[in-house]
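Undergrad: predicted model follows, preceded by the sequence.
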Amino acid sequence: MHHIVPWATGGPTDIDNLTLVCDSCHAHITADPDDPHGWATDTTPPGSALAGRTRWRPPIGIDPARRPQVNHLHHPEHILAESMKRYRAKLTHLRN
């Protein structure tokens, strides 16, 4: 688990401030989210398609603009919903 708002700077230890991360990736997240040389996390804002999801901002060595990305593998319910949508479409096609 990773604190989106760092615990060391007062971030709470509750479900809304935690996200999944493997040990090796966790080691690449910097304590200062504005440090351009490490990974940083924040939360996708309300109103966006993926509101509430964790966004990962890569270091400048990977993406100089540090564009945030959502790792869908950490949100299996999204992958399952998409799979179910395709499955239902296939069933509908087979029935017709």
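TA: Structure's in. What do you need?
Undergrad: going forward, measure contacts and count neighbours with C-alpha atoms only.
TA: OK.
Undergrad: report the mean per-residue pLDDT for the longest helix along the chain.
TA: Assignment by DSSP state H gives helix 76-95 as the longest helix of the chain. Mean pLDDT, computed over helix 76-95, is 84.
Undergrad: packing partners of that helix?
TA: Packed against helix 76-95 by the contact rule (3 or more Cα pairs under 8 Å, 6 or more residues apart in numbering; DSSP states H and E) you find no helix or strand.
Undergrad: residues in contact with the residue positioned nearest the centre of the chain?
TA: Taking Cα atoms, centre = their mean, the centroid of the chain lies closest to residue 54, which sits 3.2 Å from it. Residues near residue 54 by Cα atoms under 8 Å, 6 or more residues apart in numbering: 4, 19, 41, 42, 43, 44, 70, 71.
Undergrad: which of these fall in strands?
TA: 19, 41, 42, 43, 70 (DSSP state E).
Undergrad: of the contacts of residue 54, buried ones?
TA: 4, 19, 41, 42, 43, 44, 70 (16 or more other Cα atoms under 10 Å).
Undergrad: enumerate every residue touching residue 69.
TA: Contacts for residue 69 (Cα under 8 Å, 6+ apart) come out as 55, 56, 57.
Undergrad: state the distance from it to residue 40.
TA: 11 Å (Cα to Cα, to the nearest Å).
Undergrad: where do the contact lists of these two overlap?
TA: With Cα under 8 Å, 6+ apart, residue 69 and residue 40 have common neighbours 56, 57.
Undergrad: so residue 37 sits in a helix?
TA: No - going by DSSP: H, G, I helix; E, B strand; the rest coil, the assignment for residue 37 is coil, not a helix.
Undergrad: what score does it have for pLDDT?
TA: Model confidence at residue 37 (pLDDT) stands at 94.
Undergrad: contact partners for it?
TA: 30, 59, 60, 61.
Undergrad: what separation is there between it and residue 28?
TA: Per Cα to Cα, residue 37 is found 9 Å from residue 28.
Undergrad: any stretches of the protein with poor pLDDT?
TA: Across the chain, the ranges flagged by pLDDT under 70 are 74-75.
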